[in-house]
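**Student:** how does the following fold in three dimensions:
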Amino acid sequence: MRYVLLVISALFLAFPANAKTIFYGARVGMKVTIVKKSGIGTSHAVVLTKHTRQNAIEFCRDYVGKVTEDCIVSEMNTPLHLEITADCKSGKFINFYGANMLFQGRSPEGSPTEYKITATDENVVLDGSGASGYGYTIDEFKLLCPNRVK
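**Tutor:** Numbers count the residues shown, from 1 in each chain. Predicted structure coming up:
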C-alpha cells in the first residue's frame, strides 16, 4: 500500500498542469518554483521560475542525502535559464538549459516515447532514457502547451 501511495504521490508531483514546482533535471529534487505563467497554449507561452533555497535544500536532502551549506550553495549556482518559452503552434520551445527543442506530436508506434521531441541544436531525438532528459523535457512542454498533449 505504501508503494502505491508513493507512486501516486510521484505522479502528482510530476504532473505539471497545476504544479507549483517543476523538474529541470532527472535527479530527485531537481526542481524550481513557478513564479508566473503567461500565454499558456499560445505562440508566446512563457513560464518564469525561481531556483529557491528551499528547492536546493530539498535536492540536498532527497538526492545528496545530506543538507549542508556547501550543497545548498552549489545547487543554487546550477546554471539554468529560469524562463522557459514555447510557440505552441509550431512546437518549438526552449528548456531550462537554454536548448532549442521541437515537439513533433505523437511518436510512431513502436517508439520508446509517447511523443517525439527533437533537440534541434544537436538534431537528436530524445529516446526516453534518463540521459536524454525526455521525462522532464516533456513536462516542460506540457506546462507550456497543455493543449498539444492530450
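**Student:** kindly export the helix or strand that residue 47 is a member of (C-alpha atoms) in CSV.
**Tutor:** Element membership for residue 47 (DSSP states H and E) is strand 45-50. Extracted in CSV, the C-alpha atoms of strand 45-50 (Å, rounded to 0.1, in the frame of the first residue of the first chain):
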residue,chain,number,x,y,z
ALA,A,45,3.9,30.7,-23.9
VAL,A,46,6.2,31.7,-21.0
VAL,A,47,6.8,30.2,-17.6
LEU,A,48,9.0,32.2,-15.2
THR,A,49,10.6,30.2,-12.4
LYS,A,50,12.9,30.8,-9.4
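**Student:** so what strands line up beside that strand?
**Tutor:** Taking DSSP bridges as the criterion, strand 45-50 forms sheet pairs with strand 31-38 (antiparallel), strand 83-87 (antiparallel).
**Student:** now the strands: where do they sit in this structure?
**Tutor:** All strands of the chain, identified by DSSP state E, fall at 21-23, 31-38, 45-50, 83-87, 92-94, 100-106, 115-119, 124-125.
**Student:** so which of these comes closest to residue 133?
**Tutor:** Of all the strands of the chain, it is strand 115-119 that lies closest to residue 133, at 8.2 Å by Cβ to Cβ. Bear in mind the C-beta positions are built from the backbone N, C-alpha and C, glycine included.
**Student:** quick one: that closest one to strand 100-106, angle?
**Tutor:** If you take axes from the mean of the first three to the mean of the last three Cα atoms, to 10 degrees, strand 115-119 sits at 160 degrees to strand 100-106.
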